[in-house]
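S.K.: sequence and predicted model, in that order:
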Amino acid sequence: MRFFSRFPVRLLVLAVLAGALHSQPSQAQDPTAGQQLPKRLVGDYGYWTRFSDPPYSAAQIPFNKLTHVNHAGVSFNADGTLFVPGGFLEPELITGAHARGVKVLLLIGGNFRGVEYNGSLPTLVEQLTAFATNHHYDGFDIDWEYPETTRDRQFLVELMARLRDANSDYVLSIDVAPWGGYGYDVILLQKTTDYFNIMMYDCAGPWTAVGELNSPIFWDPNDPAPWECQPGGSVQEAAKIFLKDVPPLQLNMGTPFYGYYYATVNRLFGFCSNSLLNSDQDCDKTVVSENYAPFIKNRINQDGWQTFYDPIALVPYMVKTDGSDGYITYDDESSTYLRVGYSDWVLGLGGTFLWSLDADYDGHSQDLLDAMYQATTSQGK
């Protein structure tokens with residue numbers, strides 16, 4: 001594997017993308033976007049980050065750089081009743097977003113299969129619509145990880161149809177994983193759903209035996225464990241899967257504001273030294289998820305860490321300068337800019353989304369969100 005230093009590759013990445021952007025025809029604006037951005041830019045926001053250090057709340061969200069916010073934290077039970085955690089409601093989020101033309105969706109996860117088997121879908125839809133009305137949400141983002149059976153597929157179609165029938169003005173989206181393609185009947189879902197958020201991340205993690213790349217833009221065939229990510233193990237491949245059946249303007253590509261730290265790996269695609277000792281032969285507890293700020297950002301080319309780029313996948317990773325154990329897969333400003341520019345202006349998708357807004361906040365700046373915004377608005381510049 002060849003190693004490229006961070007800054008020369010950054011220049012190469014930006015030069016290649018700039019050429020690609022200028023060669024693209026003008027794209028139609030998305031009519032659902034609140035902001036006058038040429039593409040959707042959707043930020044996931046968890047209510048719990050208001051109580052983090054540093055705290056991240058509506059006061060920190062730069063609404064001028066977003067078109068939609070997905071507000072996470074509400075779930076539901078098998079009987080269709082909602083569970084709203086204490087501290088979830090934040091009226092300032094709704095008023096602040098709406099004042100700037102930004103839509104706020106309720107990001108919903110819960111016991112989908114329980115509702116499916118209990119026949120409590122009418123209760124769930126009634127509770128969701130009442131909550132949205134009472135608290136002025138603009139719609140729902142559905143996060144089911146993952147529908148798998150034929151019955152699941154049919155239930156998701158029915159759920160989205162009922163939500164659409166409840167209010168034709170709702171903005172409705174679904175978070176979809178490229179490797180969970182069977183669970184989404186996208187032909188029927190696109191009739192009721194405004195757009196799909198492609199979750200192109202988590203190729204790496206505790207469930208792997210190899211220090212893989214969290215979210216490749218292009219697939220690196222040097223990966224010794226492709227089954228951990230495939231099908232759709234890169235932005236390019238994931239988009240291809242959904243573009244077979246879904247118009248590009250109904251797709252958002254995901255970008256992670258976090259990465260994974262492998263404590264027992266010392267190189268790209270290295271095996272966890274403990275994997276053979278675990279019953280599942282995975283890395284398990286020696287791998288943890290870490291946010292870009294402050295954990296990852298504060299280690300880039302300092303404190304005994306050095307950043308390299310995978311020359312094929314075009315995403316960064318870190319290893320220890322002394323060769324000892326320690327490997328981090330993540331995204332930085334350059335790969336985020338490339339991912340968004342490639343998705344928006346080369347593939348022609350409707351936009352991008354991120355998990356999650358707080359993970360990029362170091363108390364005063366949001367470098368990755370800035371990169372997303374610059375790439376989203378870069379056409380013609």
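M.R.: Arrived safely. Residues are numbered from 1 along each chain as shown.
S.K.: any idea of the mean pLDDT for stretch 55-72?
M.R.: When pLDDT is averaged along stretch 55-72, the result is 98.
S.K.: just the CA atoms of that stretch, as CSV, please.
M.R.: In CSV, the C-alpha atoms belonging to stretch 55-72 read as follows (Å, rounded to 0.1, in the frame of the first residue of the first chain):
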residue,chain,number,x,y,z
PRO,A,55,-23.0,21.7,25.0
TYR,A,56,-24.5,21.7,21.5
SER,A,57,-28.0,23.1,21.2
ALA,A,58,-30.2,25.2,18.8
ALA,A,59,-28.0,28.1,19.8
GLN,A,60,-25.0,26.5,18.1
ILE,A,61,-26.7,25.3,14.9
PRO,A,62,-25.7,27.4,11.9
PHE,A,63,-29.2,27.3,10.2
ASN,A,64,-27.9,29.3,7.3
LYS,A,65,-25.8,26.3,6.2
LEU,A,66,-28.7,23.8,6.3
THR,A,67,-32.0,23.1,4.6
HIS,A,68,-33.3,20.5,7.0
VAL,A,69,-32.7,19.3,10.6
ASN,A,70,-33.6,15.8,11.8
HIS,A,71,-34.3,16.0,15.6
ALA,A,72,-33.5,12.7,17.2
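S.K.: pull out the buried residues from it.
M.R.: For stretch 55-72, burial by neighbour count (16 or more other C-beta atoms under 10 Å) applies to 56-58, 60-61, 63, 65-72. Heads up, the C-betas are built off the backbone N, CA and C, glycines and all.
S.K.: ends of stretch 308-318, what's the gap?
M.R.: In terms of C-alpha to C-alpha, to the nearest Å, the two terminal residues of stretch 308-318 are separated by 6 Å.
S.K.: C-terminal to the helix or strand that contains I241, what's the next element?
M.R.: Assigned by DSSP states H and E, I241 belongs to helix 235-243. Scanning forward in sequence from helix 235-243, with DSSP H and E defining helices and strands, the next element found is strand 251-256.
S.K.: circling back: mark which of the buried residues of stretch 55-72 are part of strands, please.
M.R.: 68-72 (DSSP state E).
S.K.: residues in contact with the spatially closest residue to P147 that is not a sequence neighbour?
M.R.: Among residues not flanking P147 along the chain, G183 sits closest, at 3.3 Å (C-beta to C-beta, 6 or more residues apart in numbering). Taking C-beta atoms under 8 Å, 6 or more residues apart in numbering as the definition of contact, the neighbours of G183 are 144, 146-149, 152-153, 156.
S.K.: between the residues you listed, which sits nearest V42?
M.R.: Proximity of those to V42 (C-beta to C-beta) peaks at W144, which lies at 17.5 Å.
S.K.: report the separation between that closest one and V84.
M.R.: W144 sits 19 Å away from V84 when distances are taken as C-beta to C-beta, to the nearest Å.
S.K.: check N252 too.
M.R.: In this structure, N252 lies at 26 Å from V84, with C-beta to C-beta as the measure.
S.K.: distance of the nearest residue in space to L314 that is not next to it in sequence from C229?
M.R.: Counting by C-beta to C-beta, 6+ apart, the nearest residue to L314 once its immediate chain neighbours are dropped is I217, at 4.8 Å. Summarising the geometry, the distance separating I217 from C229, computed by C-beta to C-beta, is 13 Å.
S.K.: same check on N77?
M.R.: With distances taken as C-beta to C-beta, N77 is found 33 Å from C229.
S.K.: what does Y361 give?
M.R.: As for Y361, its distance to C229 is 28 Å (criterion: C-beta to C-beta).
S.K.: export the contacts of G183 to TSV and tack on secondary structure?
M.R.: Conversion of those to TSV gives the following (DSSP: H, G, I helix; E, B strand; the rest coil):
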residue	secondary structure
W144	coil
Y146	coil
P147	coil
E148	coil
T149	coil
D152	helix
R153	helix
L156	helix
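S.K.: which pair in those residues spans the largest distance?
M.R.: Every pair in those was compared (C-beta to C-beta); the two farthest apart turn out to be W144 and T149, at 12.1 Å.
S.K.: same drill for the two, tell me which one is more crowded.
M.R.: Under the neighbour definition other C-beta atoms under 10 Å, W144 and T149 were set side by side, and W144 has more, 22 against 12.
S.K.: ok, now which ones touch the more buried one?
M.R.: Going by C-beta under 8 Å, 6+ apart, W144 touches 109, 112, 156, 174-175, 183.
S.K.: look at the residue sitting furthest away from the middle of the chain and report its pLDDT.
M.R.: No residue in the chain sits farther from the centre than D322, which is 32.9 Å out by C-alpha atoms, centre = their mean. In the predicted model, D322 carries a pLDDT score of 98.
S.K.: how about the backbone phi and psi for the nearest residue to it once chain neighbours are set aside?
M.R.: Taking C-beta to C-beta, 6+ apart as the measure, D322 lies nearest to G304, with 6.6 Å between them; neighbours along the chain are not counted. Backbone torsions of G304, given as degrees, to the nearest 10, read phi 80, psi 10.
S.K.: point out where the stretch 1-150 of the chain drops to low pLDDT.
M.R.: Per-residue confidence of the stretch 1-150 of the chain (counting by pLDDT under 70) places the weak regions at 1-35.
S.K.: who's more crowded, N77 and C229?
M.R.: Between N77 and C229, C229 has the larger neighbour count (other C-beta under 10 Å), namely 25 against 17.
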